[in-house]
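Asker: Following is a predicted model, sequence given first.
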Amino acid sequence: MRSISLFHSIIRENIQLLTTTYLIPLTSRSIPPVSSAISGAATPPIEYPFGTHPVSAGHTQCIAQGVYWIRMPLPFALDHINLWLIEDCIEDLQGWTLIDCGIDSNMTRDLWEQIFAQHLNNKPLLRVIATHMHPDHLGNAHWICERFKLNLWMSGTEFYAAHHALNGDTGFGGTLVSEFMASHGLRNEEWLSIIGNRSNTYSSMVPKVPAKFIQLKHNQLIDIGGHQWQCIEGFGHSPEHIALYSPDLDLLISGDMLLPKISTNVSVWASAPESNPVHDFLESLTYFEKLPAQTTVCPSHGIPFLGIGRRVNELRVHHADRLAEVLQACRSAPQCAHDVIKIMFKRELDLHQITFAMGEALAHLHWWWHKGEVKRFHSEDQIIRFGI
């Protein structure tokens, strides 16, 4: 128990350093030190102001003035995505801004047709904003933009990453990924073969990306429906994720950066094999923990909630726990990413889950490697391991 406490102390010091050296003010509200949060300082509990039952697919639910919640199905264990429709006016034209689009599928399009017919009040869509380039957020953007002759708004890095994912052998499948997984300890030949042959995974859900876009940047202000929305960048989950915060409405559309019950996937991918995404993700949380306690968080998965400070604290504690476990294992014996999966995930994983779990395990190993607490080396079996 002493060793675990020591590891937590190390992590608290490092997270405290992030908080004190990398803050760009969003509001004047002061925030308690992260070390207090990690040690259990009281924060308001998470509440669900709209109840715990989601809006039905193909329907909308008003959650704030002019802001509507939509939910679309996904063909994964995480079986849904939340999307957001906001009343807007651009150049005197009344209509709607849509935030995120769902994957490209017949089922999703049928549900969109239902919403277009029944919930837009005969007003057009005016623009599409994508929080990031993942298929559940961007998949239908090309179809909606073409149908309504719209511009796509998103960060530059996400836009170009989407085009790269669509046209190249990237972190989502192909030879690059299968070799990357093998080098980090995945030895199931059947799974490696499937991974190597699935280079069309991204394009199957995002068959096309619009050719042009309007670039969003951190701290940029956008007028949507007469309210100012501030762009907040986030890293670690995707290349340059953009969340949107309205102080007028006390509303944060958090995308995948803040989810109420599950932790955001934070992974090392084959296309960026030496990245440090846990560091980047924890650094990004500093932007969100400064928002007012009354902010309603509208996540991409789960239910809109209150309790942003508590949720940020929970995510920090979650990663502190995982980092402590990983370092303890590395001190006992050299570990590869596949070894660490058994420490971080206490259940059997299918192939879809193992791909993300490998990236997440490696991300926690890289935290310590980048800090110099562990060394990386190639063992005789050509597997990359991390140890003391």
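Answerer: Ah, there it is.

Asker: check contacts around the residue most central in space within the chain.
Answerer: In the chain, the centroid-proximal residue (CA atoms, centre = their mean) is residue 256; its distance is 3.3 Å. Counting by CB atoms under 8 Å, 6 or more residues apart in numbering, residue 256 makes contact with 131-132, 134, 137, 237-238, 241, 264-265, 299-301. The C-beta positions use only the backbone N, C-alpha and C, and glycine is treated the same way.

Asker: and with 10 Å instead?
Answerer: 81, 100, 131-132, 134, 136-137, 234, 237-238, 241, 243, 262, 264-265, 299-301 (CB atoms under 10 Å, 6 or more residues apart in numbering).

Asker: Now the buried members of those residues.
Answerer: Among these, those scoring as buried are 81, 100, 131-132, 134, 136-137, 234, 237-238, 241, 243, 264-265, 299-301 (criterion: 16 or more other CB atoms under 10 Å).

Asker: among those, which are in helices?
Answerer: 136-137 (DSSP state H).

Asker: Among the buried ones among the contacts of residue 256, which lie within strands?
Answerer: Of the buried ones among the contacts of residue 256, the ones assigned to strands by DSSP state E are 81, 234, 241, 243, 299.

Asker: Please name the bridge partners of the second one.
Answerer: Spelled out, it's residue 234. residue 241 (DSSP bridges).

Asker: likewise the first one?
Answerer: According to DSSP bridges, the residues that bridge with residue 81 are residue 72.

Asker: Residue 256 versus that one, what's the distance?
Answerer: Distance of residue 81 to residue 256, computed by CB to CB, to the nearest Å: 9 Å.

Asker: just the second one next, same as before
Answerer: Residue 234 sits 8 Å away from residue 256, taking CB to CB as the criterion.

Asker: swap in the fourth one?
Answerer: Counting by CB to CB, the gap between residue 243 and residue 256 amounts to 9 Å.

Asker: Between the two, which contacts overlap?
Answerer: 131-132, 234, 299-300.

Asker: Now the two most distant members of those.
Answerer: Farthest pair in the shared contacts of residue 243 and residue 256 (CB to CB) is 132 and 299. Separation: 13.3 Å.

Asker: can you list residues touching both of these two?
Answerer: 243, 255-257.

Asker: need the residues you listed in JSON lines with pLDDT and distance to residue 210, can you?
Answerer: Listed next are the shared contacts of residue 132 and residue 299 as JSON lines, based on pLDDT from 0 to 100; distance: CB to CB, whole Å:
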{"residue": "243", "pLDDT": "99", "distance to residue 210": "21"}
{"residue": "255", "pLDDT": "98", "distance to residue 210": "19"}
{"residue": "256", "pLDDT": "98", "distance to residue 210": "21"}
{"residue": "257", "pLDDT": "98", "distance to residue 210": "23"}
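
Asker: okay, among those, which ones form the most distant pair?
Answerer: It's 243 and 256 that sit farthest apart of those, by CB to CB, at 9.0 Å.

Asker: could you give the mean pLDDT of stretch 334-344?
Answerer: Stretch 334-344 comes out with an average pLDDT of 96.

Asker: Kindly export it (C-alpha atoms) in PDB.
Answerer: This file holds the C-alpha atoms of stretch 334-344, laid out as PDB (Å, rounded to 0.1, in the frame of the first residue of the first chain):
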ATOM      1  CA  PRO A 334       9.300  -5.200 -18.100                       C
ATOM      2  CA  GLN A 335       5.800  -4.700 -19.600                       C
ATOM      3  CA  CYS A 336       4.500  -4.400 -23.200                       C
ATOM      4  CA  ALA A 337       1.200  -2.800 -24.000                       C
ATOM      5  CA  HIS A 338      -0.500  -6.200 -24.300                       C
ATOM      6  CA  ASP A 339       0.700  -7.100 -20.800                       C
ATOM      7  CA  VAL A 340      -0.700  -3.800 -19.400                       C
ATOM      8  CA  ILE A 341      -4.200  -4.500 -20.900                       C
ATOM      9  CA  LYS A 342      -4.600  -7.300 -18.300                       C
ATOM     10  CA  ILE A 343      -3.800  -4.800 -15.600                       C
ATOM     11  CA  MET A 344      -6.100  -2.000 -16.800                       C
END
